[in-house]
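Asks: all I have is the shape, not the residue letters:
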């Protein structure tokens, strides 16, 4: 009922892009360090996976926003 509206679909996608943009900033800060939460040197694979997932999610939300033609 609510997802068939193109306006709401675009709104959900914008919220998703903003949310994962914040996640991207937080994960990057965890990699750089200097705050209370940071990743250790041995966790390079986890850090790369976190950044990869954030970027892919942002890309998917942008594609969904641009692909809605209703």
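Replies: Now that the structure is in, tell me what you want to look at. Predicted model only: the values in this text are computed from it and were never measured.
Asks: only C-alpha atoms from now on, for both contacts and neighbour counts.
Replies: Fine.
Asks: which element is the residue most central in space within the chain on?
Replies: What sits nearest the mean C-alpha location of the chain, by C-alpha atoms, centre = their mean, is residue 20, with 2.3 Å. Here residue 20 sits within helix 6-32, counting by DSSP states H and E.
Asks: against which helices or strands is that helix packed?
Replies: helix 44-67 (3 or more C-alpha pairs under 8 Å, 6 or more residues apart in numbering; DSSP states H and E).
Asks: now the angle from the helix it packs on to helix 6-32?
Replies: 160 degrees (axes from the mean of the first three to the mean of the last three C-alpha atoms, to 10 degrees).
Asks: which parts of helix 44-67 are buried?
Replies: Neighbour-count burial for helix 44-67, with 16 or more other C-alpha atoms under 10 Å as criterion, is recorded at 47, 50-51, 54-55, 57-58, 61-62, 65.
Asks: among these, which pair sits farthest apart?
Replies: By the measure C-alpha to C-alpha, 47 and 65 form the most distant pair in the buried residues of helix 44-67, at 27.5 Å.
Asks: can you put the buried residues of helix 44-67 in JSON lines and add distance to residue 25 and pLDDT?
Replies: Listed next are these as JSON lines, based on distance: C-alpha to C-alpha, whole Å; pLDDT from 0 to 100:
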{"residue": "47", "distance to residue 25": "12", "pLDDT": "88"}
{"residue": "50", "distance to residue 25": "11", "pLDDT": "91"}
{"residue": "51", "distance to residue 25": "9", "pLDDT": "93"}
{"residue": "54", "distance to residue 25": "10", "pLDDT": "94"}
{"residue": "55", "distance to residue 25": "11", "pLDDT": "96"}
{"residue": "57", "distance to residue 25": "14", "pLDDT": "95"}
{"residue": "58", "distance to residue 25": "12", "pLDDT": "96"}
{"residue": "61", "distance to residue 25": "17", "pLDDT": "94"}
{"residue": "62", "distance to residue 25": "18", "pLDDT": "94"}
{"residue": "65", "distance to residue 25": "22", "pLDDT": "89"}
